[in-house]
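Asks: Take this sequence and fold it.
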Amino acid sequence: MKAMGKIPPGFGSRDSELVIGGQPVSAWGDRAGDTPLFIYDMALVRARIAALRTALPDEVALHYALKANPLAALVRAMIPLVDGVDVASAGEMAVALNAGADAAHLSFAGPGKRDRELEAAISAGVTLNIESEGEAHRALAIADALGVRPRLAVRVNPDFDLRGSGMKMGGGAKPFGIDAVRVPALVDTLINCGADWRGFHIYAGSQALDAEAVVDAQMQTVALVARLAERVRRAPPLVNLGGGFGIPYFANETPLDVARVGVGLGDTLSARADILIDTQFCIELGRYLVGEAGVYVTRVIDRKISHGEVFLITDGGLHHQLAASGNFGTVVRRNYPVAVANRMNEPEVEEVNLVGCLCTPLDRLADQVMLPRADVGDLIAVFMAGAYGASASPSHFLGHPAAIELLVNDES
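Replies: Okay, the predicted model is just below:
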C-alpha cells in the first residue's frame, strides 16, 4: 500500500457522497452531462484570498498568476478579488483583458515573447517584464514604430533560489530574466530611451512549503532590489516579489504557514532601505489561490485483475490531469488525494490502482491506494486539481474528448 495526500479543507459528504460547493458530486455530473469534469469551488478561492489578505502586510498587493488556471469564468471571478493579473503569453493576456482586467494592472512575463506579442502588449498598455537585452531592444523598436511609450519592467535572475522549492526559477544559469549584475545597465538604457520603467520582477522558485525559506527568499529579494536601485540611482515603482507559496499535495506534507510568511515579510519591508520607501510591492500567486479549490471527477468504466492487483480504469487520465499522473515535473511519483466520490463513508477495504483510458503505462492517477470497493459506474475524485490541470495537460493526446470545466459558487 502507498500513502496519498490529505483531502483539502472545504469538502464534506452527504449520504456517503462527496459534496462540492454545497451540492453532491452527482448533481454536478448531471449538470455537466458527462465525465470527466473539473469542478472549481469559487467560495474556497474567496476564502483563501481573504485569509491571505489577513496574513500579509496591508501594503503588499496580490496578483493572480493566470497560468495556474486560465478558465475564463474563473478569471472573471478573480479580477475583483486581486490587485493585478500576471500572464505569460499573448493568449493569456487576451483572456485577462476579455475578462475585464485593467491593462494597467497586467504584467506579461516569459522568456520567448514574439514580436507580435510584444506589439500587442505595448499597444494595450500592459507592462512587459523584459527577460533579455535582446527583448528590450525589440520592445523599444516596436514602441518607437508605434509612437507609444512602453511600460517595461525588468525580470531579474537573482543569484539565489528559493530553498526547498519544487521548481527553482532563480540562481545560476537560467532562461528566465537577466543576471543581476547586468540589470543596472539595462535599466539605464530603458530610461534613457524614454520607456516608462515600471520596476523589477524577481521569482526565485515555486511550490515551497517551508515558511522560513519563503521569508528568507523575500528578504534576499528586497535586499537585492535595494542594491539595484542604488546602482540606477532611482527607486523602482513596483517590485514583484514572485510567489512560490506551495500547497500540500502528498502524504506527510504540511501546509505553508502563511501567518509566519506575513510576519517575516512585514519585518523585511519595515527594515527596507530608504531608497525603497515609496516602492510598491506585490506577490504573484496562482497555485496557492486556486489549487485546493478544484476536484477532477472521472468515472470507473472497467474493473480488472492483473497478477492479483486490482485496476480501476476510468474515462479520464493524464490527458486531463497530467500532474496527478506524476508526469508534470515530479521525480518520484506520489499519490494525490483521491476518493470514491459516491462511497465517501464506506470502509477502505481494498488496495487498487487507478488508471486512465490511454494506452500508455504513464496514465496512472493513483498507485496501490486503499479505497472502498468501487465498481463500474462509480465516481472517482482526484483532489488538488484547481491549478495546472486541464490547461497544463496534453488534451489532444490520442484524440479523447476534453474534460468539462465547471465553476461553482460564482458571484461575479
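Asks: contacts and neighbour counts: CA atoms only from here.
Replies: Fine.
Asks: Read off the pLDDT value for residue 142.
Replies: Taken from the predicted model, the pLDDT recorded for residue 142 is 98.
Asks: what does the one 3 residues further on give?
Replies: pLDDT, residue 145: 98.
Asks: which residues make contact with the helix or strand harbouring it from outside it?
Replies: Assigned by DSSP states H and E, residue 145 falls within helix 133-146. The contact list for helix 133-146 (C-alpha atoms under 8 Å, 6 or more residues apart in numbering) reads 113, 115, 118-119, 122-123, 130, 149-150, 178, 186, 190, 193, 195.
Asks: one more time with 7 Å
Replies: By C-alpha atoms under 7 Å, 6 or more residues apart in numbering, the surrounding residues in contact with helix 133-146 are 118-119, 122, 130, 149-150, 186.
Asks: Could you give me the buried positions within that helix?
Replies: With burial defined by 16 or more other C-alpha atoms under 10 Å, the residues of helix 133-146 counted as buried are 133, 135-140, 142-143.
Asks: Stretch 311-326 now?
Replies: Counting neighbours by 16+ other C-alpha under 10 Å, one finds that the buried residues in stretch 311-326 are 311-326.
Asks: Closest one to residue 335 out of those residues, please.
Replies: Here the nearest of the buried residues of stretch 311-326 to residue 335, counting by C-alpha to C-alpha, is residue 324; it sits at 7.1 Å.
Asks: Who are the contact partners of the closest one?
Replies: 336, 365.
Asks: in the stretch 1-150 of the chain, which spans are strands?
Replies: With DSSP state E, counting those that start in this stretch as the definition, the stretch 1-150 of the chain shows strands at residue ranges 12-14, 17-20, 23-24, 37-41, 60-65, 84-87, 106-108, 127-130.
Asks: just to revisit the earlier point, and the buried residues of helix 133-146 as a markdown table, adding distance to residue 156?
Replies: Listed next are the buried residues of helix 133-146 as a markdown table, based on distance: C-alpha to C-alpha, whole Å:
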| residue | distance to residue 156 |
| --- | --- |
| 133 | 12 |
| 135 | 14 |
| 136 | 13 |
| 137 | 17 |
| 138 | 18 |
| 139 | 17 |
| 140 | 18 |
| 142 | 22 |
| 143 | 22 |
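Asks: Among the residues you listed, which one sits closest to residue 400?
Replies: Distance to residue 400 across those (C-alpha to C-alpha) is lowest for residue 135, with 38.3 Å.
Asks: where's the closest one relative to residue 188, distance?
Replies: From residue 135 across to residue 188, the span is 15 Å (C-alpha to C-alpha, to the nearest Å).
Asks: How about residue 147?
Replies: Counting by C-alpha to C-alpha, the gap from residue 147 to residue 188 is 21 Å.
Asks: Which one's more surrounded, those two?
Replies: Taking other C-alpha atoms under 10 Å, residue 147 and residue 188 do not tie; residue 188 has more neighbours (14 against 10).
Asks: Give me the residues contacting the one helix or strand the more buried one maps to.
Replies: Residue 188 belongs to helix 183-192 when elements are defined using DSSP H and E. Contacts with helix 183-192, where a contact means C-alpha under 7 Å, 6+ apart, come from 133, 197, 228, 231-232.
Asks: Show me which residues of that helix are buried.
Replies: If you call a residue buried by 16+ other C-alpha under 10 Å, then helix 183-192 has these buried ones: 183-184, 186-187, 189-190.
Asks: could I have the helix or strand that comes right after it exported to PDB, CA atoms only?
Replies: In the C-terminal direction, the helix or strand that comes right after helix 183-192 (DSSP H and E) is strand 196-202. What follows is strand 196-202, C-alpha atoms only, in PDB (Å, rounded to 0.1, in the frame of the first residue of the first chain):
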ATOM      1  CA  ASP A 196       8.100  54.000 -18.600                       C
ATOM      2  CA  TRP A 197      10.300  51.900 -16.300                       C
ATOM      3  CA  ARG A 198       7.900  50.000 -14.000                       C
ATOM      4  CA  GLY A 199      10.400  48.200 -11.700                       C
ATOM      5  CA  PHE A 200      11.600  44.700 -11.100                       C
ATOM      6  CA  HIS A 201      10.200  41.200 -11.200                       C
ATOM      7  CA  ILE A 202      12.100  38.600  -9.200                       C
END
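Asks: Tell me which other helices or strands strand 196-202 touches.
Replies: Secondary-structure packing of strand 196-202 (3 or more C-alpha pairs under 7 Å, 6 or more residues apart in numbering; DSSP states H and E): strand 151-157, strand 238-240.
Asks: need the helix or strand of this structure with the lowest average pLDDT.
Replies: Least confident helix or strand, the chain: strand 167-168 with a mean of 48, by mean pLDDT, DSSP states H and E.
Asks: what about residue 409, distance to residue 277?
Replies: 40 Å.
Asks: Closest to residue 95 out of the buried residues of stretch 311-326?
Replies: Nearest to residue 95 out of the buried residues of stretch 311-326 is residue 320 (C-alpha to C-alpha; 20.4 Å).
Asks: Just the buried residues of stretch 311-326: which are in strands?
Replies: The strands, defined by DSSP state E, take in 311-314 from the buried residues of stretch 311-326.
Asks: closest to residue 52 among those residues?
Replies: Looking across these and measuring by C-alpha to C-alpha, the closest to residue 52 is residue 314, at 36.1 Å.
Asks: OK, contacts around the closest one?
Replies: If you count contacts by C-alpha under 7 Å, 6+ apart, residue 314 has them with 298-302, 355-357.
Asks: Most neighbours among those, please name it.
Replies: Ranking the contacts of residue 314 using other C-alpha under 10 Å puts residue 356 first, with 29 neighbours.
Asks: Go ahead and confirm that one touches residue 313.
Replies: Yes: using C-alpha atoms under 7 Å, residue 356 makes contact with residue 313 at a distance of 5.5 Å.
Asks: Give me the pLDDT value at the closest residue to residue 257 other than its chain neighbours.
Replies: Nearest non-adjacent residue to residue 257, counting by C-alpha to C-alpha, 6 or more residues apart in numbering: residue 211, 5.7 Å away. Residue 211 carries a pLDDT value of 94.
Asks: ok, now the one 3 residues further on?
Replies: Confidence per residue is given as pLDDT, and for residue 214 that number is 94.
Asks: again with residue 328
Replies: Reading off the confidence values, residue 328 has pLDDT 84.
Asks: Wait, a strand at it?
Replies: No: assigned with DSSP: H, G, I helix; E, B strand; the rest coil, residue 328 falls outside any strand and is coil.
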